[in-house]
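Asker: sequence first, then the predicted structure:
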Amino acid sequence: MVRFLALDQGQVVMGADWQALSDVRQAGAEALWVDLVSPSEEDLETIGAAFGFHPLTLDDCRDRQHRAKVREFEGHFFAILNAVGRRQNGERLVISATEIDFFVGQNYVVSVHRDQVGAIDTFWGQAKRAEVLRQGADFLFYYLCDLIVDEHFPILDRIDGLLDKLEARAFSQPDQAVLKELFHLKRQLIHLRRIL
C-alpha cells in the first residue's frame, strides 16, 4: 500500500495511489513523505524507478533482517531503523521488531515497512504534520525517528517492572517458575539488544 503526504504551495495534500503521487512530484511539492506499508515487488520497483534508488537498497527493503545502519548515495541517504513492539503472552512479555527502511533526499522521505508501526500511524493522524513538513525532509526524518525511539521507553519500563516483581518473588517464593521467567526475560532482553 502506498500513501503520501505532500506540502504543495503551503497546503498538505494526502493521497494513496501512484498516479496522485506522480502528479504531486511533477507539480514540485516542497516536501514529500511517501510511506509504503507491506509493499509488493511491483511497489518496490515503482518507487525505486521513480526516485532512482540503488538496487541494493531495494534488496535491503525485501530482506527484513538488518540492524540499524545509514548509507549515503548520490542525492539521498538510506537508513534502517527497527521499531520495537510488545505483546503479552499470558504473564510473559514478548518483544517484536519491525524494520523500517528510509530513503531521505533533499525534499522527500520514503519509508518502507512490512507491518504497521504505531509511531508512523500516530504521526499520520497528527494535526501538526503540516508544521513538520514545512521544516523540510531532514526534520521530518528526525521527527519520525524520534517518535519511533520514544516507543522503546514504555517497553523498557515494562521490563524494569517485571524484573522488580521477579526479584521480589525470588526472595519470597523461590521456585522453578521464577527461574523460567528470568530465563524468558533474559532471552527477550538479548532479542531487544539485537534489534537496537
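Answerer: Noted; the coordinates are in hand.
Asker: flag the shaky bits of this structure, pLDDT-wise.
Answerer: For the chain, the stretches with pLDDT under 70 are 127.
Asker: just the helices in it please.
Answerer: With DSSP state H applied, the chain shows helices at 18-27, 41-51, 55-62, 118-125, 129-134, 137-150, 152-172, 176-195, listed in chain order.
Asker: out of the ones you listed, nearest to Arg92?
Answerer: helix 176-195 (5.7 Å; C-beta to C-beta). Heads up, the C-betas are built off the backbone N, CA and C, glycines and all.
Asker: contacts for the closest one, please.
Answerer: Applying C-beta atoms under 8 Å, 6 or more residues apart in numbering, the external contacts of helix 176-195 come out as 67, 82, 84, 91-95, 97, 155, 159, 162-163, 166, 169-170.
Asker: what is the nearest of those residues to Asp121?
Answerer: Nearest to Asp121 among the contacts of helix 176-195 is Val84, at 15.1 Å by C-beta to C-beta.
Asker: next up, the contacts around that closest one.
Answerer: Val84 makes contact with Ile95, Ser96, Ala97, Glu151, His152, Ile155, Leu192, Ile195, Leu196 under the criterion C-beta under 8 Å, 6+ apart.
Asker: drop anything exposed from these.
Answerer: Neighbour-count burial (16 or more other C-beta atoms under 10 Å) applied to the contacts of Val84 gives Ile95, Ala97, Glu151, His152, Ile155, Leu192, Ile195.
Asker: ok, the residue nearest to the fifth one when sequence neighbours are not counted - how many residues close by?
Answerer: Spelled out, that is Ile155. Counting by C-beta to C-beta, 6 or more residues apart in numbering, Ile155 lies nearest to Arg86, which is 5.0 Å off, once chain neighbours are set aside. Arg86 is flanked by 16 other residues according to other C-beta atoms under 10 Å.
Asker: so Arg86 sits against Ala97, correct?
Answerer: No. The criterion here is C-beta atoms under 8 Å, and Arg86 misses it with Ala97 at 10.4 Å.
Asker: CSV please, covering the contacts of Val84 and showing distance to Met14.
Answerer: Shown next, in CSV, are the contacts of Val84 (distance: C-beta to C-beta, whole Å):
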residue, distance to Met14
Ile95, 33
Ser96, 29
Ala97, 28
Glu151, 23
His152, 28
Ile155, 30
Leu192, 34
Ile195, 31
Leu196, 32
